[in-house]
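Attaching a predicted model along with its sequence, questions to come.
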Amino acid sequence: MTETAIRCVDLHKTYRSGDVETPVLRGLDFEILSGELSVILGASGAGKSTLLNIIGGIDRPSSGQVWCAGQDLATLDDRSLTDYRRRNVGFVFQFYNLVPTLTALENVEAATQIADNPMDPAEALRLVELEDRQDYFPAQLSGGQQQRVSIARALAKNPLVVFCDEPTGALDASTGRHVLDLLVQLNEQTQATIVIVTHAAPVAQLAHAVLHLTMEGISTSRNQQRARAADISW
Ligand SMILES: Nc1ncnc2c1ncn2[C@@H]1O[C@H](COP(=O)(O)OP(=O)(O)O)[C@@H](O)[C@H]1O
Ligand SMILES: [Mg+2]
């Protein structure tokens, strides 16, 4: 039986500043299964980053439940939420967010130091085919290589879920395809639960499950046949 990694129930998020209220997430119900590659697809402004920040423990919902590892993140105090994020979650961002003064290996090591059951950092860099670049600083690496370091950093924590927010957004099409291919491979090799957020519809063809996010809500579909990264274009 496949386990649920994350389950959201009637999730709402409204941003408030002064008298202005911006409702963004309006009662979402969905689940993300362990070991799967899921894609959250939605137009720009649909609330994808808002949703990812909530299920990644960076932000809180206005109401509703976010179940992960047997607890409802919406009920955790700040300290427990930070602890959840540090131990259980890996993030990959559009602009890599590597520490510029640390080498590739040191960037990965820094993440594993706060994890319970981390991978060997050098092994994580090997998985993303960067073992020969471990002593390079981010500025000495291409965009695609920096994104691969950030994927190694997320994966090396052995987290419950790796969240990728527009991971190919800053890359050219061919490098982006390579990064997607790598995420598909890593999901197969390590059974890591991976969630990719994107506005690029073709990326959804790679996923086991596709969560379509619109103003109206969220709906999940499953791919019977998945495309290869080499065969998609966007
Ligand atoms: N901190 C914030 N304060 C107020 N509004 C926000 C904030 N963050 C995002 N929004 C608004 O929420 C909506 C969804 O944003 P976002 O989650 O970034 O969408 P996406 O990632 O799908 O492009 C947008 O209308 C945006 O302006
Ligand atoms: Mg976004």
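Everything's here; your move. Ligands and ions are numbered 1, 2, ... in the order given.

switch to C-alpha atoms for all contacts and neighbour counts from now on
Will do.

how many neighbours does V20 have?
Per other Cα atoms under 10 Å, the neighbour tally for V20 reads 9.

Could you pull out the strands in this structure for me?
4-17, 20-33, 37-41, 63-68, 71-72, 89-92, 161-165, 194-198, 209-214, 217-222 (DSSP state E).

tell me the mean pLDDT for the fourth one?
Spelled out, that is strand 63-68. Average pLDDT, strand 63-68: 97.

So what's the gap between stretch 43-58 and the chain middle?
10 Å (Cα atoms, centre = their mean, to the nearest Å).

can you check stretch 156-164 too?
8 Å.

Wondering if that stretch reaches ligand 1 at all.
No - taking Cα under 6 Å from any ligand atom as the criterion, stretch 156-164 and ligand 1 are apart, separated by no less than 11.6 Å.

what's the span of that stretch from first residue to last?
14 Å (Cα to Cα, to the nearest Å).

Begin at 456, not 1, for the rest of this chat.
Okay, using 456 as the starting number, the last item reads as stretch 611-619.

Show me what it is in contact with.
460, 507, 511, 542-549, 563, 566-567, 570-576, 579, 609-610, 647-652 (Cα atoms under 8 Å, 6 or more residues apart in numbering).

what about the helices in the protein?
503-510, 533-543, 559-567, 576-582, 598-610, 628-645 (DSSP state H).

Save those as a markdown table, and put in mean pLDDT, distance to ligand 1 and mean neighbour count too.
Shown next, in a markdown table, are the helices of the chain (pLDDT from 0 to 100; distance: least, Cα to the nearest ligand atom, whole Å; neighbours: other Cα atoms under 10 Å):
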| stretch | mean pLDDT | distance to ligand 1 | mean neighbour count |
| --- | --- | --- | --- |
| helix 503-510 | 96 | 4 | 21 |
| helix 533-543 | 92 | 18 | 17 |
| helix 559-567 | 97 | 25 | 23 |
| helix 576-582 | 96 | 28 | 21 |
| helix 598-610 | 96 | 19 | 26 |
| helix 628-645 | 94 | 18 | 17 |
